[in-house]
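>>> predicted structure and sequence below. I'll ask about it afterward.
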Amino acid sequence: MSFISKIPIFWRFQLGGWLAFSIFSFPTKWVIIESVRESVIVAVFRDGLGFFVTIGMREIYRRCYHEKMTKAALVGLVGGVSLMSGLILTLFSLGFHEFLDFKAERTFTSPVIFGIFYFRTGLCLGWSLLYFGIKLMRESMDRDIRLAHAQAVSERAELQMLRAQMNPHFLFNALNTIHADLGKPERNPKGLVQSLAAYLRYSLAHRDDDLVTLGCEFDSVSAYLTVETARFREELEMECAIHDSARKAEVPGILLQPLVENAIKYGRHTSELPLKVRVRIPAPHSGRVRLEVSNTGRWLEAKPDRKLGGVGLSNLRQRLEILYPGNFRMDTTEEAGWVTVRVEIPVASS
Amino acid sequence: MKPELRALIVDDEAPAREVLSELLENFPHVRVVGEATSVATAVSLCADLKPNLIFLDVQMRDGEGFSVLPQIAPLPSVIFVTAYDKFAARAFEVNAVDYLLKPVSQDRLAHALERILHQPTATKSKPFREDDRIFLKSDSGMRVAYVTEISGIEAQENYTRVYLANGTTEFLRRTMTEWEKVLPKPLFLRVHRSLIVNLSCVGKVLAEDRDTSVIEVTGIPKPIPLGRKPALRLRSALRLRNQV
């Protein structure tokens, strides 16, 4: 079974089909030719020839057929090729019978010759229909699989975005912090409300956009970090910087957010307090922009059995692989007590 | 005169600790004896200060608040405080425990403190779902486990012994009937009067002779002998489960 499944599907059908045809048409040949030996020779020759001629037809179809072909052109192509192949098969049959000097078919009257031609052309036509039928079916199946795959991936991204927007822990903890800071002007609860509003507005406004400006994304992340700083007070220090020329770059939304969430989550696990989080976006260089998010602490390798397992980063990598196949970089370094994740992608300027 | 409550607040966010201590100032019988910012400090402060009430944040920077519980004895009353927990409503289970949601309101806090004074109150348990967490409170302490981690429950007079899949056991003051009510079916089956098993933990069912079988269950050290009827019941439940 595994041996058969290694043979390409075309050759499975080609070999199996002609073998079956030869076996099932053998009794008819026998009745007409009236000799087992000669029937076998005729079957091997004719059907063997059919086997090779149809391989030639496949080569022609491979070269001529393309997806934009009109139906009429396809019908013309199949008709022409089948007629030609039918003719070749008939001529070879006649020559072969002359050569072997078989008794039964020595007298080739015009109706018999036409009959052979008619039948062989029909055979080639049938073969062509089967060929294109299987080819188109497989293509549409492949398309469906690709489509389903792309859809699944985009749904995952969407889910991730929803999670980022609605992260209930973040939201309720932010509200709790506001609750705590109210009536303490030195804590600046008004500023906190504004930051939370800025972050929420961005999340809600851009949820359907494929691309956002990097400036927008950066401001939202800054607002997010401001809220987190209020939550963790002296235990968290942030530093965000973006080069003005990078602000207009168009990037996929929710690009920085998972990096920053990750930095806080793992930073709080591994860093001495205060945890420091730094976001840096230098000027784009030769059509590419680099984002750097660093935190103090250690890099924790994502473990599949751990619930914390760095899902945010692997989701981001997956999205980038779809958006910029082979044309992005994402790497992590750890040095001098800092963990840095760098992402580099090509940018379109608006 | 209400008995004095000596409270420890465990939360890794300063504003959250502040809110709670401010709210607790309105309850003269509650005295905040300490604040902990991590699981580790919570455990050591419990040993030093011997609080009889702790407010425990579920998500901490060095782990889940639950993990404090098995490490402290004697167990104080516990009130969980969390910003958001979709399991909160159902996971709330044991008398000594309450759940508060942030931001905590004064009324809700008063209610929780009332409950502690009037324990034990009747447990009104809702059935668990398979992804729920459960509190296992024994005389020696408390731990939290996922419902699916329970591999079997055995009756021992008025107590029950809970076997977990990892091989540990807990001895609890709960009856088989109570367990049967809250454990999700069809995952759990009451095989006979004094045994409930988690079907996904049942390994082999071996027939010894016509009337007795022996089953092996993950986490339960000894094979368990079963009579004819219980064995039949178990076999048909397993068959049903494998068809799904």
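Arrived safely.

>>> excluding its backbone neighbours, what's nearest A:Ala172?
For the record, residue A:172 is Phe, not Ala. Excluding the flanking residues, the one nearest A:Phe172 by Cβ to Cβ, 6 or more residues apart in numbering or on different chains is B:Ala83, at 3.7 Å. Heads up, the C-betas are built off the backbone N, CA and C, glycines and all.

>>> can you check B:Asp85 too?
Closest to B:Asp85 by Cβ to Cβ, 6+ apart is B:Val58, at 6.0 Å.

>>> give me the neighbour count for that neighbour.
By other Cβ atoms under 10 Å in any protein chain shown, the residues close to B:Val58 number 21.

>>> quick check: which element contains B:Val32?
strand B:30-36 (DSSP states H and E).

>>> does that strand reach chain A?
No. Using Cβ under 8 Å from any Cβ of the partner chain, strand B:30-36 stays clear of chain A, with a minimum separation of 13.5 Å.

>>> what's in contact with the helix or strand containing A:Leu171?
Counting by DSSP H and E, the element that carries A:Leu171 is helix A:168-181. Helix A:168-181 is contacted by residues A:187-189, A:192-193, A:196, A:227, A:230-231, B:13, B:15-16, B:18-19, B:59, B:83-84, B:101-103 when judged by Cβ atoms under 8 Å, 6 or more residues apart in numbering or on different chains.

>>> domain parsing for chain B?
With automatic domain parsing as the criterion, the domains of chain B are listed as B:5-117, B:133-243.

>>> average pLDDT for the shortest one?
Throughout domain B:133-243, pLDDT has a mean value of 87.

>>> ok, B:Val10 - contacts?
B:Glu35, B:Ala36, B:Thr37, B:Val39, B:Ala42, B:Ile54, B:Phe55, B:Leu56, B:Asp57, B:Met60, B:Gly65, B:Val68.

>>> quick check, nearest of the residues you listed to chain A?
B:Thr37 (8.4 Å; Cβ to the nearest Cβ).

>>> A:Lys276 versus the closest residue to that closest one other than its chain neighbours, what's the distance?
In space, and not counting its chain neighbours, B:Thr37 is closest to B:Asp12: 5.2 Å by Cβ to Cβ, 6+ apart. To A:Lys276, B:Asp12 is 17 Å away according to Cβ to Cβ, to the nearest Å.

>>> of the two, which one has the most company?
Using other Cβ under 10 Å as the criterion, B:Asp12 and A:Lys276 rank with B:Asp12 on top: 22 against 19.

>>> kindly report the residues of the stretch 51-200 of chain A close to chain B.
A:Pro168, A:His169, A:Leu171, A:Phe172, A:Asn173, A:Leu175, A:Asn176, A:Thr177, A:His179, A:Ala180, A:Asp181.

>>> of those residues - the most surrounded one?
Highest neighbour count within these: A:Thr177, with 29 neighbours (other Cβ under 10 Å).

>>> please name the nearest non-neighbouring residue to it.
B:Pro15 (4.4 Å).

>>> next, the angle from the strand or helix carrying the one you found to helix A:168-181.
Here B:Pro15 sits within helix B:14-24, counting by DSSP H and E. With axes from the mean of the first three to the mean of the last three Cα atoms, to 10 degrees applied, the angle from helix B:14-24 to helix A:168-181 works out at 60 degrees.

>>> mean confidence for helix B:14-24?
The model assigns helix B:14-24 a mean pLDDT of 94.

>>> using PDB, list the CA coordinates for it.
Extracted as PDB, the C-alpha positions of helix B:14-24 are listed here (Å, rounded to 0.1, in the frame of the first residue of the first chain):
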ATOM      1  CA  ALA B  14       0.400  48.200  45.200                       C
ATOM      2  CA  PRO B  15      -2.900  50.000  44.300                       C
ATOM      3  CA  ALA B  16      -4.900  46.800  44.900                       C
ATOM      4  CA  ARG B  17      -3.300  46.400  48.300                       C
ATOM      5  CA  GLU B  18      -4.100  50.000  49.100                       C
ATOM      6  CA  VAL B  19      -7.700  49.700  48.100                       C
ATOM      7  CA  LEU B  20      -8.200  46.700  50.400                       C
ATOM      8  CA  SER B  21      -6.500  48.100  53.400                       C
ATOM      9  CA  GLU B  22      -8.500  51.400  53.100                       C
ATOM     10  CA  LEU B  23     -11.700  49.400  52.800                       C
ATOM     11  CA  LEU B  24     -10.800  47.300  55.800                       C
END
